[in-house]
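Undergrad: how would this look folded up:
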Amino acid sequence: MSTRIAFLKGHGTENDFVIVPDPENAIDLPPSAVAALCDRRAGIGGDGLLHVVRSAAHPEAKDMAAEAEWFMDYRNGDGSIAEMCGNGVRVFARYLQRAGHATEGDLAIATRGGVKRVHLAKNGDVTVGMGKARLPEGDVTVSVGERSWPARNVNMGNPHAVAFVADLAHAGNLYEPPPFSPASAYPDGVNVEFVVDRGPRHVALRVHERGAGETRSCGTGACAVAVATARRDGADPAVTGTPSTYTVDVPGGTLVITELPDGEIEMTGPAVIVAEGEFDATWLTTLAG
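TA: Numbering: from 1, shown residues only. Predicted structure coming up:
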């Protein structure tokens, strides 16, 4: 491992990430190392880490290399592995553009949730094809303190429980994962979104992200919320043949989510690189040990 390791810092609607470019997958990033890097007091700080690897160099992405040159090896802030991160994909694409690996227009990015189609617009926004939502059957309930709500089970390549509430303050501090039932609905944990209406086709959310706590934004969560809200409102593009678009306010900004008649979901929002530098590999090894 090199003595100095390059990193960048970026965010998408204030969902922030440490970015570690590693084209040949040569840097060892065990969970303890990722958690150390994402620590906001003792490390660089971030909701998660974007490990930038060529698909052909990563055992989990080799099968996608023909479709997508780059693999987003995404980790949560606690070091755990996640299937997908919508804001992370936008920031990942912005990094590829900054590094000269991509230009304005379309590109493909491999993730554990499959290959994602991305469009880098001239105005700076990034649109990501987030795939199709799955709506598993069965009742789910989430709770905060003495309050409980029915929740819609939505899977965007990662699991979500979407609860409509009267006031976002009812979500509490979201330091700990909100309890849910039945436990069998989410054997590997769940991202929980609390949602209020702001106007026609306009909602706002707060979210507890599995492995990260409350974050300023969650892209897959915004998509899950848009789908759950559309179904609550009686809208299903697969039935009507008409796209369904919702504006979703997150604490860190605004995302626009469109569900197409074929089920594909597109998310549009900003992605910003704010800093770059180097960290000492010896420091990381000491902390990770």
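Undergrad: going forward, measure contacts and count neighbours with C-alpha atoms only.
TA: Noted.
Undergrad: check Gly289 and give its pLDDT.
TA: Note on Gly289: pLDDT of 52.
Undergrad: pLDDT-wise, which helix or strand of this protein ranks last?
TA: The least trusted helix or strand in the chain, going by mean pLDDT, DSSP states H and E, turns out to be helix 281-288, with a mean of 74.
Undergrad: chain center to it, what's the gap?
TA: Offset of helix 281-288 from its chain centre (C-alpha atoms, centre = their mean, to the nearest Å): 27 Å.
Undergrad: kindly report the same for stretch 203-222.
TA: Distance of stretch 203-222 from its chain centroid, counting by C-alpha atoms, centre = their mean, is 8 Å.
Undergrad: distance between the ends of it?
TA: Across stretch 203-222, the terminal residues are separated by 10 Å (C-alpha to C-alpha, to the nearest Å).
Undergrad: tell me the mean pLDDT over that stretch?
TA: Averaging pLDDT along stretch 203-222 gives 93.
Undergrad: which residues touch the least confident helix or strand of the chain?
TA: Here helix 281-288 makes contact (C-alpha atoms under 8 Å, 6 or more residues apart in numbering) with Met1, Ser2, Thr3, Arg4, Ile5, Pro30, Pro31, Ser32, Ala33, Ala36, Leu37.
Undergrad: wait, is the fifth one part of a strand?
TA: Okay, so that is Ile5. Yes - assigned with DSSP: H, G, I helix; E, B strand; the rest coil, Ile5 falls within a strand.
Undergrad: ok, now which ones touch it?
TA: Val20, Glu278, Phe279, Asp280, Ala281.
Undergrad: burial check on the third one, number of neighbours?
TA: When you say that, I think you mean Phe279. 15 (other C-alpha atoms under 10 Å).
Undergrad: for it, what are its contacts?
TA: Shown in contact with Phe279 (C-alpha under 8 Å, 6+ apart): Arg4, Ile5, Ala6, Phe7.
Undergrad: swap the cut-off to 10 Å and go again
TA: The contact partners of Phe279, by C-alpha atoms under 10 Å, 6 or more residues apart in numbering, come to Thr3, Arg4, Ile5, Ala6, Phe7, Leu37, Gly43, Ile44.
Undergrad: spatially nearest residue to the fifth one, not counting backbone neighbours?
TA: Excluding the flanking residues, the one nearest Phe7 by C-alpha to C-alpha, 6 or more residues apart in numbering is Val20, at 4.8 Å.
Undergrad: next secondary structure element downstream of the helix or strand where that neighbour lies?
TA: Following DSSP states H and E, one finds Val20 within strand 15-21. Next along the chain after strand 15-21, taking DSSP H and E as the criterion, comes helix 31-38.
Undergrad: against which helices or strands is that following helix packed?
TA: Helices and strands touching helix 31-38, by 3 or more C-alpha pairs under 10 Å, 6 or more residues apart in numbering; DSSP states H and E, are strand 15-21, strand 48-54, strand 70-76, helix 281-288.
Undergrad: now do the strands in the stretch 151-289 of the chain.
TA: 159-164, 180-181, 191-199, 202-209, 213-214, 244-250, 253-259, 264-269, 272-280 (DSSP state E, counting those that start in this stretch).
Undergrad: okay, those in JSON lines with distance to Arg112 next?
TA: Below are these laid out as JSON lines (distance: least, C-alpha to C-alpha, whole Å):
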{"stretch": "strand 159-164", "distance to Arg112": "13"}
{"stretch": "strand 180-181", "distance to Arg112": "25"}
{"stretch": "strand 191-199", "distance to Arg112": "17"}
{"stretch": "strand 202-209", "distance to Arg112": "17"}
{"stretch": "strand 213-214", "distance to Arg112": "21"}
{"stretch": "strand 244-250", "distance to Arg112": "24"}
{"stretch": "strand 253-259", "distance to Arg112": "21"}
{"stretch": "strand 264-269", "distance to Arg112": "17"}
{"stretch": "strand 272-280", "distance to Arg112": "23"}
